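> Return atomic coordinates for the entry below.
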Amino acid sequence: MRLFVALTPPPDAVDELWTAREVLRTDRSGLRWTRPEQWHLTLAFLGEVDDATLEDLTERLARVAARHPPLELSLGGGGRFGDRVLWTRVRGETDGLRRLAASVQAAARRARLPVEDRPYRPHLTLARRAGAHTDLRPAATELAGFAGRPWTAEELHLVRSHLGAGPGGTARHEPVVSWQLGLRGA
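Okay, the predicted model is just below:
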């Protein structure tokens, strides 16, 4: 099964960001927007994971969750990865978020899963380019003033991605296992 590890913002943070996205004046025809019910902060993309590896991975991720405290985060601003991805920044306890992501990635490596070796950049993907010539700069600039309220990330999620199984041929995400952050001995 195709898996990733993530944190999910609470419904009020999602609503706040959805409202900010709705007021963008940018032409949206060249963008494929992610659905709000699937917004998440990816800590590690794991790709295809077999059942035997899944058992080892879940034990390791349970230990990771127990060792890391809940994090005070917020969403705000806008940015882009070239003209491919439009995102909003994650603010707050980002050092703790980076440590959590590093621990998740280390757990995946110990479970013998390949993990990308690049610096973690906390963000939430809002849209991807749908056309060949989409300039994301105006949308990123319009999101610059967005500042969401703080929220507490309390759970770590292992999520299955069903490619093409969502509305309009998008991916459908299904939580596999979730763990409370900071529950030592759990």
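
> For this protein, give me the ranges with low pLDDT.
Counting by pLDDT under 70, the low-confidence segments of the chain come to 25-29, 131-132, 162-172, 184-186.

> Centre-most residue in it?
Most central in the chain under C-alpha atoms, centre = their mean is residue 41, positioned 2.0 Å from the mean C-alpha point.

> which ones are touching it?
Neighbour list for residue 41: 6-9, 73, 90, 97, 122-124, 153 [criterion: C-beta atoms under 8 Å, 6 or more residues apart in numbering]. Glycine gets a C-beta too; all of them are placed from N, C-alpha and C.

> Centre of the chain to the longest strand seen in the chain, how far?
If you go by DSSP state E, the chain has its longest strand at strand 71-81. Strand 71-81 has its C-alpha centroid displaced from the chain centroid by 11 Å (C-alpha atoms, centre = their mean, to the nearest Å).

> And the next helix or strand past it?
Later in the chain than strand 71-81, the nearest helix or strand by DSSP states H and E is strand 85-92.

> about what we covered before: quick check: bridge partners of the residue nearest to the centre of the chain?
For residue 41, the beta-bridge partners under DSSP bridges are residue 7.

> ok, now how distant is it from residue 122?
Using C-beta to C-beta, to the nearest Å, residue 41 is found at 6 Å from residue 122.

> what do those two both touch?
Residues touching both residue 41 and residue 122 (C-beta under 8 Å, 6+ apart): 90, 97.

> Of the contacts of residue 41, which is the nearest to residue 34?
Distances from residue 34 to these, taken as C-beta to C-beta, are shortest for residue 124 (8.6 Å).

> And the closest one, how far from residue 54?
On the measure of C-beta to C-beta, residue 124 and residue 54 end up 26 Å apart.
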